[in-house]
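> got a sequence here, can you build the structure:
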Amino acid sequence: MVATLLGQRGYLVNLAGDAQGALACAVKVPPDLVITTVSLPAVDGWSWWERMHTLPDLGATPILFLTGTADDASPIRGFESTRDQRLHKPFRVENLEKIVSAQLARLPETQSQRTARIATVEKPSAGHRPLSALRGNLDQIGVPSLLTLLEMEHKTGILLLEQDDNSARLFLRRGRIIRAEVDGPERHLGAAAVYAALDWTLGQFDFLVGDVGGIDEIQTSTTFLLIEGARRSDELEHEKVRDKVGS
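Numbers count the residues shown, from 1 in each chain. Down below sits the predicted model:
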């Protein structure tokens, strides 16, 4: 959501799904600013941004940490107060934009002039388009149809889903779901999160294009997940009918 917001403001945003993808992305296209949460999948117990600062051309890259209550209770390894910033979740959009603008303004003159031009664009130009590649409502395009399309097109990125108090993130690499999370009254991970999201018929979706690294935690094809999800849904409906008849 942060990436989509900044993309709409005219910033050029590269998205990574985990620490490995972030490092690869930063080496390929050195960023002017890194925005990250403190805890990420497959970090192996140490701060990936600390490693990033040892790489050529990335030693002075500022970082904006999006922190939760648990993160604020202890120091962040590799955090430098004179260069890096924290923003506590949940936060207001204007506070995010204020910090991003201030951090970019501290860049060397040639870079700050370039990013200032980007920041003043009300709508992204063709060279600085939003990261979002596909968005809409689930009552128009269902989750199974979306995943089928993304699999056929071998897309890589994150499919964000929102429904009432629930949100889901499905991480895809070349059309295959490698990781999934559902947050809300009930939390689901992995294949269980995919099955839960498949039943959503209302809400919004947004597919963000970007590198997604890390291991494949689900270890099965999207097609299998769709078939198994449909089977589980049918089984649940049959159980509801039997319970209704029995009562």
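
> neighbours of Asp57, how many?
By the criterion of other C-beta atoms under 10 Å, Asp57 has 9 neighbours. Placement of C-beta: from N, CA and C, glycine included.

> kindly report the same for Thr54.
Per other C-beta under 10 Å, the neighbour tally for Thr54 reads 8.

> from the contact counts, what lies against the biggest helix by length in the chain?
Longest helix in the chain by number of residues, with DSSP state H as the criterion: helix 222-246. In terms of contact count using 3 or more C-beta pairs under 8 Å, 6 or more residues apart in numbering; DSSP states H and E, helix 222-246 is assigned the packing partners helix 143-152, strand 176-183, helix 191-198.

> and the next helix or strand past the lowest-mean-pLDDT helix or strand in the chain?
Counting by mean pLDDT, DSSP states H and E, the weakest-scoring helix or strand in the chain turns out to be helix 109-119, with a mean of 43. Past helix 109-119, further along toward the C-terminus, the next helix or strand under DSSP states H and E is strand 132-137.

> give me the pLDDT for Leu87.
Each residue has a pLDDT score; the one for Leu87 is 88.

> any idea how far Val2 is from Val13?
The gap separating Val2 from Val13 is 8 Å, by C-beta to C-beta, to the nearest Å.

> those two: which has the busier surroundings?
In this comparison of Val2 against Val13, neighbours counted by other C-beta under 10 Å, the higher total goes to Val13 at 23 against 17.

> wasn't that one part of a helix?
No - when classified by DSSP: H, G, I helix; E, B strand; the rest coil, Val13 is found to be coil rather than part of a helix.

> tell me the phi and psi of it?
phi -120, psi 130 (degrees, to the nearest 10).

> mind giving me the domain split of this structure?
For the chain, whose domains are defined here by automatic domain parsing, the residue ranges read 2-126, 132-246.

> buried ones in stretch 19-32, by neighbour count?
Ala19, Gln20, Gly21, Ala22, Leu23, Cys25, Ala26, Pro31, Asp32 (16 or more other C-beta atoms under 10 Å).

> returning to that earlier point: hey, least reliable of the domains of the chain by pLDDT?
domain 2-126 (a mean of 72).

> nearest to Leu225 among the buried residues of stretch 19-32?
Taking C-beta to C-beta as the measure, Gly21 is the one of the buried residues of stretch 19-32 closest to Leu225, at 21.7 Å.

> now that closest one: how far from Asn14?
As defined by C-beta to C-beta, Gly21 lies at a distance of 10 Å from Asn14.

> name the residues contacting each of these two.
Any residue near both Gly21 and Asn14 by C-beta atoms under 8 Å, 6 or more residues apart in numbering counts here, and that gives Gly210, Asp211.

> the longest helix of the chain to strand 176-183, inter-axis angle?
Put simply, helix 222-246 runs at 40 degrees to strand 176-183, going by axes from the mean of the first three to the mean of the last three C-alpha atoms, to 10 degrees.

> what's the helix or strand for Leu208?
With the criterion set as DSSP H and E, the secondary-structure element containing Leu208 is strand 204-209.

> grab the nearest non-local neighbour of Ile178.
The spatial neighbour of Ile178 that comes closest, neighbours along the chain excluded (C-beta to C-beta, 6 or more residues apart in numbering), is Asp216 at 4.2 Å.

> help me confirm that the one you found comes into contact with Arg173.
Yes - the criterion here is C-beta atoms under 8 Å, and Asp216 meets it with Arg173 at 7.5 Å.
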